[in-house]
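Asks: coordinates only, sequence not included:
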């Protein structure tokens, strides 16, 4: 598996610029063995099991956020899930996650990275599907 973070204005490989502010952002793409019709309800449950609150969803997109209270506002994580319906087959589905927050990622293993690893591991180890491929980038 290749692991890298998106480049920032500072090209430090750990953060990206958004509207002039530097933020932590981590992405991963997955190919899993599951019919596309079964994926979204299972993903909604998985995200909630990761202590994330579902903000919005439609058939190919989910937006969830960390529940306020355990970390400072700038560290609150948002999770976006993009389900690729255009390449889905009866047995395989591709999806990507983007996990980000407003935290200045001064440390490599910051809160956003910890949540990224936690959600990524939950997806990779879910008993509801078979992981075919996982590519962080």
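Replies: Thanks, I have the structure now. Small disclaimer: the values here were computed from a predicted structure and weren't measured. Numbers count the residues shown, from 1 in each chain.

Asks: out of the helices and strands in this protein, which is least certain?
Replies: Ranked by mean pLDDT, DSSP states H and E, the helix or strand of the chain with the weakest confidence is strand 16-18, at a mean of 51.

Asks: ok, now which ones touch residue 51?
Replies: 66-67 (C-beta atoms under 8 Å, 6 or more residues apart in numbering). Yep, even glycine has a C-beta here, placed from its N, CA and C like the rest.

Asks: what's the spacing between it and residue 38?
Replies: 23 Å (C-beta to C-beta, to the nearest Å).

Asks: can you show me the strands along this protein?
Replies: 16-18, 21-33, 52-58, 61-66, 78-84, 93-101, 130-136 (DSSP state E).

Asks: and the third one, what's buried?
Replies: Applying a neighbour-count criterion of 16 or more other C-beta atoms under 10 Å, one finds 52, 57 buried in strand 52-58.

Asks: what's the angle between that strand and strand 61-66?
Replies: 160 degrees (axes from the mean of the first three to the mean of the last three C-alpha atoms, to 10 degrees).

Asks: direction included, what does strand 52-58 pair against?
Replies: strand 61-66 (antiparallel) (DSSP bridges).

Asks: need the contact list for the residue nearest in space to the middle of the chain.
Replies: Nearest residue to the geometric centre of the chain (C-alpha atoms, centre = their mean): residue 97, 3.3 Å. Residue 97 makes contact with 27-28, 30, 79-82, 119-120, 123 under the criterion C-beta under 8 Å, 6+ apart.

Asks: specify the beta-bridge partners of it.
Replies: residue 28, residue 81.
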